[in-house]
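Peer 1: Coordinates only, no sequence provided:
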Ligand code: 13P
């Protein structure tokens, strides 16, 4: 059985005070959610305080990105995976489409970040997903397979336990236009097949694949009813404790 992961990506939202307030409001609302791992990803400057305030709870903290570099050094503006771990993060999101599109992230840099994060013992949530144009041109599977092959390049069996994938079709992010459960399931099944071919069927069976893109309290149950959807990476609806808690508690 794969334990679902419900992760909230807070993107570049919330002051430190707001982040702490939201995290503390969330804590009691998801305290009984044993059916899934609950993760929130605040901005870098809030990770330490949020992680401290959530210590002992079932909510884990993620970074939204990390450096390709493993060692500290002269890299202005960068933060290593071990620095994230040092301040309480246990997960890191890598290769989000906003980083790929706005900050020229490539499969090569995603791959380096994945390896850096794994070497520091973090769980990695690696994002893949096609644009609307690519989907309309019938290239969605090719694009996603390329991102998987690029990002997972060089990983071996022990690393795979700490890899979580997130399928986030770019056309569904922040648009209110969710992929239907069937569309998402189709791509998730494809991702699992690609992973099985690259690695092993055992590793593919254990792999958690999250869906992201306009996940809301009213569509999470339909998405989670699909056999290959193992959780969600939530943007907008994770910013408010009550709507994120409703998503986490989709089963009750
Ligand atoms: P929305 O849930 O706001 O569409 O964002 C999805 C996302 O990008 C999560 O990483």
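Peer 2: Received the coordinates, thanks. Source: prediction; values computed, not measured.

Peer 1: Please enumerate the strands of the stretch 101-250 of the chain.
Peer 2: All strands of the stretch 101-250 of the chain, identified by DSSP state E, counting those that start in this stretch, fall at 123-128, 163-167, 208-212, 231-234.

Peer 1: Run through the residues that contact residue 188.
Peer 2: 167, 209, 211, 226, 228, 229 (CB atoms under 8 Å, 6 or more residues apart in numbering). (C-beta placed from N, C-alpha, C; glycine too.)

Peer 1: Now do the second one, the pLDDT please.
Peer 2: Going back to what we said before, that points to residue 209. As predicted, residue 209 sits at a pLDDT of 98.

Peer 1: Also the first one?
Peer 2: For residue 167, the pLDDT comes out at 98.

Peer 1: In the chain, which residue sits closest to the ligand?
Peer 2: residue 235 (2.2 Å; CB to the nearest ligand atom).

Peer 1: Distance check, that residue against residue 99.
Peer 2: To residue 99, residue 235 is 13 Å away according to CB to CB, to the nearest Å.

Peer 1: who has more neighbours, these two?
Peer 2: residue 235 (21 against 18; other CB atoms under 10 Å).

Peer 1: sorry, back to before: which residue packs closest to the residue of the chain closest to the ligand, ignoring adjacent ones?
Peer 2: Spatial nearest neighbour of residue 235, excluding adjacent residues (CB to CB, 6 or more residues apart in numbering): residue 9 at 5.3 Å.

Peer 1: ok, the one you found touching residue 41?
Peer 2: Yes: at 4.9 Å, residue 9 counts as touching residue 41 under the criterion of CB atoms under 8 Å.

Peer 1: Check the gap between the most centrally placed residue in the chain and residue 15 for me.
Peer 2: Nearest to the mean C-alpha position of the chain, by CA atoms, centre = their mean, lies residue 125 at 4.0 Å. Distance of residue 125 to residue 15, given as CB to CB: 24 Å.

Peer 1: Residue 55 - how many residues pack around it?
Peer 2: Residue 55, neighbours per other CB under 10 Å, totals 9.

Peer 1: Helix, strand or coil: sort out it for me.
Peer 2: At residue 55 the chain is in coil, as set by DSSP: H, G, I helix; E, B strand; the rest coil.

Peer 1: that older thread, include distance to residue 247 and neighbour count when you put the contacts of residue 188 into a markdown table, please.
Peer 2: Formatted as a markdown table, the contacts of residue 188 follow (distance: CB to CB, whole Å; neighbours: other CB atoms under 10 Å):
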| residue | distance to residue 247 | neighbour count |
| --- | --- | --- |
| 167 | 17 | 25 |
| 209 | 17 | 23 |
| 211 | 11 | 32 |
| 226 | 15 | 18 |
| 228 | 19 | 19 |
| 229 | 13 | 23 |
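
Peer 1: what's the farthest-apart pair in these?
Peer 2: 167 and 226 (11.4 Å; CB to CB).

Peer 1: Show me whatever sits in contact with both of these two.
Peer 2: The contact sets of residue 167 and residue 226 overlap at 184, 188 (CB under 8 Å, 6+ apart).

Peer 1: Kindly report the residues of this protein close to the ligand.
Peer 2: Contact residues, the chain versus the ligand (CB under 6 Å from any ligand atom): 9, 96, 168, 173-174, 212-215, 233-237.

Peer 1: which residues touch residue 132?
Peer 2: Here residue 132 is in contact with 170, 171 (CB under 8 Å, 6+ apart).

Peer 1: measure it to residue 233 for me?
Peer 2: 19 Å.

Peer 1: The closest residue to residue 199 other than its chain neighbours: how many residues sit nearby?
Peer 2: Leaving aside its sequence neighbours, residue 199 sits nearest to residue 160 (CB to CB, 6+ apart; 6.0 Å). When counting by other CB under 10 Å, one arrives at 19 neighbours for residue 160.

Peer 1: Many thanks, have a good one.
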